[in-house]
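# got a sequence here, can you model it:
(chains A and B)
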Amino acid sequence: MIDWLPLWLSLKLAFITMIILLVIGIPIAWWLAYSRRRWTVIAEAIISLPMVLPPSVLGFYLLLAFSPVGSFGHALDRVLDIRLVFTFPGLVVASLIYSLPFMVNPLLAGFKNLPPHLLEASQTLGKSGWTTLRRILLPNIRASLITGAILSFAHTIGEFGVVMMIGGSIPGQTRVASVAIYDEQQSGNYSLANHYAITLLSLSFAILLIVYAVNRHFNKSRSIL
Amino acid sequence: MTPDHFQKRTDPEAPAPPFLSFHATKMLHTAQGPQLFDVRFDLPQGQTLAIHGPSGSGKTTLLRILAGLAPADSGHIRVGDETWLDTQRRIDLPTRHRSIGFVFQDFALFPNLTVRGNLEYALPPDTKKAAKAATTIIDELLELMELEALQHRRPALLSGGQQQRIAIARAIARNPRLLLLDEPLSALDDEMRHKLLDYLLKIQRHYHLTTLLVSHHVTDIFRLATGVIRLEKGRVERSGTPADVFADKPQITLTGTILDLTPAGDTFLVRIDCAGTILQLDISAEKAAALRPGREITITMQQSSHPERP
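This is a model prediction of the structure:
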């Protein structure tokens, strides 16, 4: 019988990651898009690093950083009583780093594709950066917001290497769907592994379908602009 | 305040201090290499000053420094009793604290808001609370610019002339101390330009705003401006009334529509329809590359400064 807990954990992890990434991704993308400083290039490269790095490399370094034996993990453990290795909060932190480019890059592209004078026009009308962001910029990059949210959600569901390194496979804690597939396959339960795999496959397909449908819809309405 | 000081201010002989006093320098990186922008001028209240000059002479830079959208290397800007920029005292008022209405070349209307929404956005928050007063200002502007019928539409679907009227109305809505217009008529066809000129004159008569207008159309400048400064390579080359500035070089301007371009050996033959009269000009292939049939073209003929040619 299929155990739904890993799928539920995957969805929960992806949802929490997506929400937090929306909150931190908007200011990061805004800063990258409008800062005149040259070293934003370095920041862009660092943010995009998880896209090209083998997930196991990222997981390995996060494991070292979070480990209670290391100084950072030790301090977290002692001062805040937080353990990030083999725990769900640890998975959230790792997913935030792992999926950050999938949120920031669409938002950055959205900001950069806006007509250049919108921000300045709002400033000349006496509006603060916050008012401009809330009332002018964000409403005009809705497609990017939706794309960023969906892609970071989907990418978090699909992560495997990072989760394996830092979370292991603790049922109800860190045993997400992608790990469950691997476990079942290792134990020879091919039919069970297939159930998880087919669910993830359909889910991923549905998500991408939504992304492309949304983009097509907004591109149509933009072509009238 | 000393009696002396008081005396000075009421002395009818003393010239009134200028409403706007501007001086700024900035190193510009143009296609022709680095070039120093160094411009100084004064403007009395309620006047309209046109800024004229070839492209790359610093016209838009002047407006952007005045609006705080571009930093100046050094300079001093005073508007009324406010200092907007004083690099020596490290004062640089951010754009949103400068009371301006800026009309951008590309209009920069907010696509997510309706025509009315665009105007309402421009109002300061405390006016919004006094909802009645705000409604009056907006309604007045919509009526003046003949936009009432369009007020609930989104700007993206409207014509260039309509968008331009919205942009001007939006810039005026907050009753700014300075109105800055960056080539407000250049994106419009001829008929539309003349109509919009009338709207701008209406606005001038109604609100008496101190205005800076970047324009390369001498006709527009004569109709709208009380003064002109002509920029050349980042410096004021000439200033005065439109008649003064443009009088020294008698010129005839013809406007027509390009009919077609035909290659003729190394050059091109361009036919232009000027109010029914067809002109034929022989031009280089390089110049022809920039011309498109159906587009409007202005031909300026200027009397040569050399009386006799060898």
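# need the helices for the chain, in chain order.
With no chain named, the answer covers chain A. For chain A, the helices defined by DSSP state H cover A:5-34, A:40-52, A:55-66, A:71-75, A:88-113, A:117-124, A:129-132, A:138-140, A:142-157, A:161-167, A:177-186, A:190-224.
# that's the wrong chain, I wanted chain B
B:3-10, B:59-67, B:115-121, B:125-129, B:131-144, B:160-173, B:190-207, B:218-224, B:242-247, B:285-288.
# any idea of the mean pLDDT for the longest one?
Taken as a whole, helix B:190-207 carries a mean pLDDT of 85.
# mind listing what's buried in it?
Going by neighbour count (16 or more other C-beta atoms under 10 Å in any protein chain shown), the buried part of helix B:190-207 is B:192-193, B:195-197, B:199-200, B:203-204, B:207. In short, each C-beta sits where N, CA and C put it, glycine included.
# can you name the residues in contact with it?
Helix B:190-207 has contacts (C-beta atoms under 8 Å, 6 or more residues apart in numbering or on different chains) with B:48, B:144-145, B:159-161, B:164-165, B:168, B:172, B:175, B:181, B:184-185, B:188, B:209, B:211, B:217, B:220, B:223-224, B:255, B:296.
# how about the helices of chain A in a markdown table, adding mean neighbour count and mean pLDDT?
Listed next are the helices of chain A as a markdown table, based on neighbours: other C-beta atoms under 10 Å in any protein chain shown; pLDDT from 0 to 100:
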| stretch | mean neighbour count | mean pLDDT |
| --- | --- | --- |
| helix A:5-34 | 18 | 94 |
| helix A:40-52 | 13 | 92 |
| helix A:55-66 | 18 | 90 |
| helix A:71-75 | 13 | 80 |
| helix A:88-113 | 22 | 94 |
| helix A:117-124 | 23 | 94 |
| helix A:129-132 | 15 | 92 |
| helix A:138-140 | 18 | 94 |
| helix A:142-157 | 22 | 92 |
| helix A:161-167 | 23 | 90 |
| helix A:177-186 | 19 | 92 |
| helix A:190-224 | 14 | 82 |
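# distance to residue B:271 for those helices - can I get that in a markdown table?
Shown next, in a markdown table, are the helices of chain A (distance: least, C-beta to C-beta, whole Å):
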| stretch | distance to residue B:271 |
| --- | --- |
| helix A:5-34 | 47 |
| helix A:40-52 | 51 |
| helix A:55-66 | 66 |
| helix A:71-75 | 76 |
| helix A:88-113 | 40 |
| helix A:117-124 | 37 |
| helix A:129-132 | 49 |
| helix A:138-140 | 44 |
| helix A:142-157 | 46 |
| helix A:161-167 | 69 |
| helix A:177-186 | 70 |
| helix A:190-224 | 35 |
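# nearest to residue B:110, of these?
Nearest to residue B:110, of all those, is helix A:117-124, at 6.6 Å by C-beta to C-beta.
# and chain B, is the closest one touching that?
Yes - Helix A:117-124 is in contact with chain B by C-beta under 8 Å from any C-beta of the partner chain, via A:117-118, A:120-124.
# list of residues touching that helix?
With C-beta under 8 Å, 6+ apart as the contact definition, helix A:117-124 has outside contacts at A:34, A:131-132, A:135-137, A:140, B:67-69, B:94-96, B:98, B:100-102, B:104, B:106, B:108-110, B:121, B:171.
# what angle separates that helix from helix B:160-173?
Compare the direction of helix A:117-124 with that of helix B:160-173 by axes from the mean of the first three to the mean of the last three C-alpha atoms, to 10 degrees and you get 30 degrees.
# now helix A:117-124, how far from the chain's geometric center?
Averaged C-alpha coordinates place helix A:117-124 at 30 Å from its chain's average position (C-alpha atoms, centre = their mean, to the nearest Å).
# what of stretch A:78-87?
Put simply, stretch A:78-87 sits 22 Å off its chain's centre (C-alpha atoms, centre = their mean).
# which parts of it are buried?
Going by neighbour count (16+ other C-beta under 10 Å), the buried part of stretch A:78-87 is A:84-87.
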